[in-house]
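Enquirer: build me a model from this:
(one chain, ligands or ions: 2)
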Amino acid sequence: MKKLNITIIGMGLIGGSIGLALKEADPDRFFITAVATRTATLELALERKAADRAIVDLTEGVVDADIIFICTPVLQIVPIVEKIAPFLKQGTIITDVGSTKGYIADRINHILPPGVFYVSGHPMAGLEQSGMQAADSHLFINKWYILVPEVSTSTEAVSTVAELIALTGAKITTMKVEDHDRCAAVISHVPHVAAAAMVHLLDFSHDMEESLKLAGGGFRDTTRIASSNADMWSDICLTNPRAITDSLQNLRAILSQVIEDIEEGDRQALHTFFSIAKKRRDALINASL
Ligand SMILES: NC(=O)C1=CN([C@@H]2O[C@H](COP(=O)(O)OP(=O)(O)OC[C@H]3O[C@@H](n4cnc5c(N)ncnc54)[C@H](O)[C@@H]3O)[C@@H](O)[C@H]2O)C=CC1
Ligand SMILES: O=C(O)C(=O)Cc1ccc(O)cc1
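Expert: Residues are numbered from 1 along each chain as shown. Ligands and ions are numbered 1, 2, ... in the order given. Below is the predicted model:
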């Protein structure tokens, strides 16, 4: 049986994990080509068997592809589609894993050649680490993988991508593009901004060395995701600006209220603030176990 030609552009944490998971699930069904800018990344992808072939040249990497996963930072995705568009065969499916969906959706359909299909996707799985060295074949197991059919260009292509994603162990769900970007801002994008802000707060510490020495689990837990990749997070903020700034304004209002409650010595208000948060978080964590 002819193998399915899959090309992964951007062989980092997510691209590498998709390659590893698909090869582990069904090694003989796929021929995977990895495209990356750094040769060290490509060598590691081959060594870890996340790909069968590794290529620096984008055009060469996509000419025979049946399905292309674009796994680069969000602002690279549309320029990559523009570059590869003239070289794709009829029927090729392009899918991306970008953390924001509206920005790409607004631009991609204008540059897709006829007979090439787009499927909008976002794995809600990841880590604060990046690069092929952090890739993990089990990254997606039992995690949600969102598909956005509304901005995808063929229902058949959505089904094909969903079938591949299921092989990684992910649970598939669908969302509307606006709902996705608003929800992702609240549960992922703003928490990353807030975690980075907590680390910047150390600038106001009288003795940063001493503060860091004493930093316990609480600081580590709330700031883990501040170790994430700056390229990726700058792109996310620029491509989901409305939802992120709306949500940050809400966070500012919540913090302003806490400041007021502390200044006024309102123990009841502070107690209510913490107890509602505890109840809600405990319920969320228990529901997801
Ligand atoms: N890290 C995470 O937890 C998650 C990330 N995402 C999304 O997945 C995408 C990739 O993120 P990661 O894998 O974490 O990043 P990463 O930094 O681990 O990997 C990105 C890879 O893309 C390569 N790259 C960048 N520009 C390129 C170009 N023009 N051509 C070819 N390769 C290029 C980089 O060299 C790197 O190897 C981003 O769009 C991100 O928003 C989605 C879900 C989770
Ligand atoms: O490290 C974590 O816990 C994350 O939150 C990873 C993550 C980062 C970006 C996404 O779009 C989805 C998941």
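Enquirer: show me which residues of this structure are close to ligand 1?
Expert: Applying C-beta under 6 Å from any ligand atom, one finds that the chain approaches ligand 1 through 9-15, 35-38, 41, 71-74, 76, 80, 97-99, 122-123, 126-127, 130-131, 229, 232, 236. C-beta coordinates here come from the backbone N, C-alpha and C atoms, glycine included.
Enquirer: and the buried ones among those residues, selectable in PyMOL?
Expert: Applying 16 or more other C-beta atoms under 10 Å to those, the buried members can be selected in PyMOL as follows:
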select buried, resi 9+10+11+12+13+14+15+35+36+41+71+72+73+74+76+80+97+98+99+122+123+126+127+130+232+236
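Enquirer: which of the residues of the chain next to ligand 1 are close to ligand 2?
Expert: 99, 126-127.
Enquirer: list just the nearest of the residues you listed to Glu264.
Expert: If you rank those by distance to Glu264 using C-beta to C-beta, Ser99 comes first, at 39.1 Å.
Enquirer: quick check, the closest one in a helix?
Expert: No: counting by DSSP: H, G, I helix; E, B strand; the rest coil, one finds Ser99 to be coil, located in no helix.
Enquirer: spatially nearest residue to it, not counting backbone neighbours?
Expert: Nearest non-adjacent residue to Ser99, counting by C-beta to C-beta, 6 or more residues apart in numbering: Ile236, 5.0 Å away.
Enquirer: ok, now Val186?
Expert: Ser247 (5.4 Å).
Enquirer: just the strands in the stretch 1-150 of the chain please.
Expert: Secondary structure of the stretch 1-150 of the chain by DSSP state E, counting those that start in this stretch: the strands cover 4-9, 30-35, 53-55, 67-70, 93-96, 117-123, 144-147.
Enquirer: from the contact counts, what lies against the fifth one?
Expert: Under the contact definition 3 or more C-beta pairs under 8 Å, 6 or more residues apart in numbering; DSSP states H and E, strand 93-96 sits against strand 67-70, strand 117-123, helix 155-166.
Enquirer: rerun that using 6 Å as the cut-off
Expert: The contact analysis (3 or more C-beta pairs under 6 Å, 6 or more residues apart in numbering; DSSP states H and E) places strand 93-96 against strand 67-70, strand 117-123.
Enquirer: could you dump the ones you listed to a markdown table with mean pLDDT?
Expert: Output for the helices and strands packed on strand 93-96, formatted as a markdown table (pLDDT from 0 to 100):
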| stretch | mean pLDDT |
| --- | --- |
| strand 67-70 | 98 |
| strand 117-123 | 98 |
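Enquirer: possible to save those as TSV with distance to Arg48?
Expert: Shown next, in TSV, are these (distance: least, C-beta to C-beta, whole Å):
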stretch	distance to Arg48
strand 67-70	17
strand 117-123	19
